[in-house]
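S.K.: mind looking at a prediction? Sequence and model below.
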Amino acid sequence: MLLKLIPDNTHIPFMKIRSFAYVVSLLLILASAALFFSRGLNLGIDFIGGSTIEILTPEPANIGNIRALLEKLDLGDVSVQEFGEPRDVLIRFQEQPGGEEAQKEAQIRVENALQTNIEGVSIRSTSFIGPKVSSELARDGILAVSLSVAAVLVYIWFRFEWQFGLGAVIALVHDVLLTVGFFSITQLDFNLSIIAAILTIVGYSLNDTVVVYDRVRENMRKYRKMPLPELIDRSINDTLSRTVMTSLTTLIALFALYFFGGPVIQGFTAAMIWGIVIGTYSSIFIASPVLILLHLRSTAFIGDEKDQDSDQDGDGNLTKVPAP
């Protein structure tokens, strides 16, 4: 039924509004940068340092009650989650102002509160993530995202042409910057799981972009004399049904996780939901029209003449062939 919502023979003129899309994206990027430098990100324990306490409860842990108990201690950012068995609980809270002594005091307060309110609880281990470790995690996260974008550039460049590689990277950078802006305005906890979400967004957006690019390359071989904006519109419309179906089914699963998965994965799923929306937008309105700005020419595919036998008339002239 959902497939019928997007007919196979759509003729939506996406390229006619590409200038408007450029302006919207530019304004959003500038707003993201302004928010990042003025408001910053709500960095989690992974990036600002803090304490980790592992506990074992006598019965399956009530995560909600433990979180409510610790929030009363005024420790700042607190994370409570199960790991392993239902009785195993991992508690993390941010570094306290006042140095090492203040951090030790906070750990003692947490342990006392747990032992007072949860009968039979045992403290299995405690650890502290210092500023040096957290800064290394932040550096590694930035490096991971940067290397993934660079790898995309190399991959697309070798598979297609340099214009496609540059267009894909511009779209991915666009998605990453807007995701940072999203977390700056919402002030959701920004931790290592969000870095994982950004890397997943990069992969999803790339997949959408490659599908469109593959159809652009195919259509350029078929319609050598067709104006590039018209050809890109045709390519996007050819893949639109697939794009919408993939995005909708993914969003249904993500919304279920966001509303019913609990606060532990809420930031991750929020990032993914935003990423699916912005990744679909960028594959249509950023990655594709950038090919026009980069002056892509069909002559780049002249070497593929063997693929064009069905597209030639008796005199060897290329003719228009209906798209599959």
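M.R.: Sure thing, it's come through.

S.K.: show me the helices in this protein, by range?
M.R.: Taking DSSP state H as the test, the helices found in the chain are 18-38, 45-48, 63-71, 99-117, 131-159, 162-186, 192-222, 228-260, 266-285, 290-293.

S.K.: nearest to Arg87, of those helices?
M.R.: helix 63-71 (11.5 Å; C-beta to C-beta). C-beta coordinates here come from the backbone N, C-alpha and C atoms, glycine included.

S.K.: ok, and what's touching that closest one?
M.R.: Applying C-beta atoms under 8 Å, 6 or more residues apart in numbering, the external contacts of helix 63-71 come out as 78, 80-82, 89, 91, 93, 110, 113-114, 117-118, 262-264.

S.K.: from these, pick the one nearest Ile48.
M.R.: Phe93 (10.9 Å).

S.K.: how much space between that closest one and Ile29?
M.R.: 34 Å (C-beta to C-beta, to the nearest Å).

S.K.: these two: which is more packed in?
M.R.: Shown here are Phe93 and Ile29; by other C-beta atoms under 10 Å, Phe93 has more neighbours (22 against 16).

S.K.: okay, now the unreliable bits of the stretch 201-324 of the chain?
M.R.: Scanning the stretch 201-324 of the chain for pLDDT under 70 picks out 298-324.

S.K.: mind doing that once more with 50?
M.R.: Within the stretch 201-324 of the chain, the stretches with pLDDT under 50 are 305-324.

S.K.: OK, contacts around Ala31?
M.R.: Gly181 are the contacts of Ala31 under C-beta under 8 Å, 6+ apart.

S.K.: excluding its backbone neighbours, what's nearest Ile201?
M.R.: Of all residues not flanking Ile201 in the chain, Gly275 sits nearest, at 3.2 Å (C-beta to C-beta, 6 or more residues apart in numbering).

S.K.: state the pLDDT value of Leu199.
M.R.: In the prediction, the pLDDT value recorded for Leu199 is 83.

S.K.: touching, His11 and Asp238? I think so.
M.R.: No. Between His11 and Asp238 there is no contact under C-beta atoms under 8 Å: 10.7 Å.

S.K.: in this structure, which residue is closest to the centre?
M.R.: With distances taken as C-alpha atoms, centre = their mean, the residue of the chain nearest its centroid is Ile201 (2.6 Å).

S.K.: was I right to think that residue contacts Val180?
M.R.: No. The pair Ile201 and Val180 does not pass the contact test of C-beta under 8 Å, sitting 11.3 Å apart.

S.K.: neighbours around Glu111, how many?
M.R.: Other residues near Glu111 come to 16 when the count uses other C-beta under 10 Å.

S.K.: give me the nearest residue to it, chain neighbours excluded.
M.R.: In space, Glu111 is closest to Ile123, 5.6 Å off (C-beta to C-beta, 6+ apart).

S.K.: surely that neighbour touches Ile55?
M.R.: Yes. Using C-beta under 8 Å, Ile123 is in contact with Ile55, at 5.7 Å.

S.K.: what strands line up against the longest strand seen in the chain, and which way round?
M.R.: Identified as the longest strand of the chain according to DSSP state E is strand 85-94. Its sheet considered, strand 85-94 pairs with strand 50-56 (antiparallel), strand 78-83 (antiparallel) by DSSP bridges.

S.K.: need the ones you listed in TSV (columns: distance to Tyr223 and mean neighbour count).
M.R.: TSV is the format used below for the strands paired with strand 85-94 (distance: least, C-beta to C-beta, whole Å; neighbours: other C-beta atoms under 10 Å):
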stretch	distance to Tyr223	mean neighbour count
strand 50-56	58	20
strand 78-83	54	17
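
S.K.: just the contacts of helix 63-71 now: which is nearest Ile185?
M.R.: Of all those, Pro263 has the smallest distance to Ile185: 19.1 Å, by C-beta to C-beta.
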